[in-house]
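In: Take a look and give me a structure for this.
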Amino acid sequence: MKQEGETLYQAHEFARRSGVTVRTLHHYDRLGLLKPSRYTQAGYRLYSERDLARLQQIVTLKFIGLSLKEIKGILSQKSFDLATALSAQREIITEKRRQLGLAIKAIEKAEKVMVPNGEPDWETFKKIIEVINMQSNMDWTRKYYSDDAREEIAKRAGTIPPEVIEQGQRDWAALIKEVESAVAGGEDPASARAQALAGRWVSLIRGFTGGSPAIQAGLNKMYADKANWPASFPKPYGDEVEAFIRQAMAASKRE
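Out: I've put the predicted structure just below:
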């Protein structure tokens, strides 16, 4: 039906067109998440095309893991802008796609290395768990990055192959072990070996930031706030390692 130039749909028709159930619409109405634009004289709900845009926001935000309470808070903000919201959702879903790609790759590897008797290769399954947990645990880091930085990260994530990311993780693990060894052995931060380690450290950071000042600023904020990291997220290296690398970098600048 049409009223004042606006097409309105009763709940069952709106549900059919939007791909949700009438029960879902009633639930969202009770929660104050999605109120109908109007009501008929008989009290039936009427929804407009503008309501469809809001429903899309709800469905997408729910898909990326937000609770209905959190979604209501976001959509209730006076500063809420549809174009900005869509851009942010695209970034998040792009990152989720990258995460799923890593998980799928790990599972495919597990399928290939199953031993003949069907027993699992526990190291491979451990890798699957690590990949999934690592990606899930990184969601908390978003707060340290500006909107521009998150957009740049999402764009970079969509262009970097999973195998390159995995190699980067291995390179970091190997480098941290070498720095820990240098610290334990009393290596001079100004030595040639320390300078080489610091150079590799800078290169790996640049591999993540792509040279972006915005991403670098977010990374700096995150590591400056290590005391408030989630307990479930292990710190990649100790304070001694960080101090050593800082000293090595400072020595390099003095030369």
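
In: Name the surrounding residues that touch stretch 220-236.
Out: Outside of stretch 220-236, the residues that reach it under the criterion C-beta atoms under 8 Å, 6 or more residues apart in numbering are 137, 140-141, 144-145, 172, 176, 242. Heads up, the C-betas are built off the backbone N, CA and C, glycines and all.

In: and if we set it to 7 Å?
Out: Under the criterion C-beta atoms under 7 Å, 6 or more residues apart in numbering, residues 137, 140-141, 144, 176 lie in contact with stretch 220-236.

In: Narrow these to those that are buried.
Out: 141, 144, 176 (16 or more other C-beta atoms under 10 Å).

In: Report pLDDT for the last one.
Out: By that I understand I176. Among the per-residue scores, I176 holds a pLDDT of 93.

In: Just list the residues touching it, thanks.
Out: Contacts for I176 (C-beta under 7 Å, 6+ apart) come out as 236-237, 241.

In: For those, which single residue is the most surrounded?
Out: V241 (20 neighbours; other C-beta atoms under 10 Å).

In: nearest residue to it other than its sequence neighbours?
Out: What sits nearest to V241 in space, not counting adjacent residues and going by C-beta to C-beta, 6 or more residues apart in numbering, is V179, at 5.0 Å.

In: now the nearest residue to Q10 once chain neighbours are set aside: how far from R200?
Out: Leaving aside its sequence neighbours, Q10 sits nearest to Y44 (C-beta to C-beta, 6+ apart; 5.6 Å). Between Y44 and R200 the distance is 67 Å, computed by C-beta to C-beta, to the nearest Å.

In: The two: which is more packed in?
Out: When neighbours are counted by other C-beta under 10 Å, R200 comes out ahead of the other of Y44 and R200, with 16 against 12.

In: Could you list the buried residues of the helix or strand harbouring that one?
Out: For R200, the host element (DSSP states H and E) is helix 192-209. The neighbour-count criterion (16+ other C-beta under 10 Å) identifies 194-195, 197-198, 200-201, 207-209 as the buried residues of helix 192-209.

In: For those, please prepare TSV with the additional fields pLDDT and distance to T40.
Out: Below are the buried residues of helix 192-209 laid out as TSV (pLDDT from 0 to 100; distance: C-beta to C-beta, whole Å):
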residue	pLDDT	distance to T40
A194	94	77
Q195	91	77
L197	94	73
A198	93	71
R200	94	69
W201	95	67
G207	89	60
F208	87	56
T209	90	56
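
In: Now render those residues as a markdown table, adding distance to A53.
Out: Conversion of those to a markdown table gives the following (distance: C-beta to C-beta, whole Å):
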| residue | distance to A53 |
| --- | --- |
| A194 | 56 |
| Q195 | 56 |
| L197 | 52 |
| A198 | 51 |
| R200 | 49 |
| W201 | 46 |
| G207 | 39 |
| F208 | 35 |
| T209 | 35 |
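
In: Out of these, which comes closest to E70?
Out: For the buried residues of helix 192-209, the residue nearest E70 by C-beta to C-beta is F208; the value is 28.2 Å.

In: hey, which helix is longest across this protein?
Out: Assignment by DSSP state H gives helix 82-113 as the longest helix of the chain.

In: which residues are in contact with the helix holding R200?
Out: Contacts of helix 192-209 from elsewhere in the structure, counted by C-beta under 7 Å, 6+ apart, are 168, 171-172, 175, 178-179, 182, 187-188, 215-216, 219, 245, 248-249, 252.

In: roughly how far is the longest helix of the chain from the heart of the chain?
Out: When distances are taken as C-alpha atoms, centre = their mean, to the nearest Å, helix 82-113 is centred 9 Å away from the chain's centroid.

In: Check which helices and strands it sits against.
Out: In this structure, helix 82-113 makes packing contacts with helix 49-63, helix 122-137, helix 147-157, helix 162-184, judged by 3 or more C-beta pairs under 7 Å, 6 or more residues apart in numbering; DSSP states H and E.

In: By mean pLDDT, show me the worst of those.
Out: Taking the mean pLDDT of each of the helices and strands packed on helix 82-113, the lowest value is held by helix 122-137, a mean of 59.
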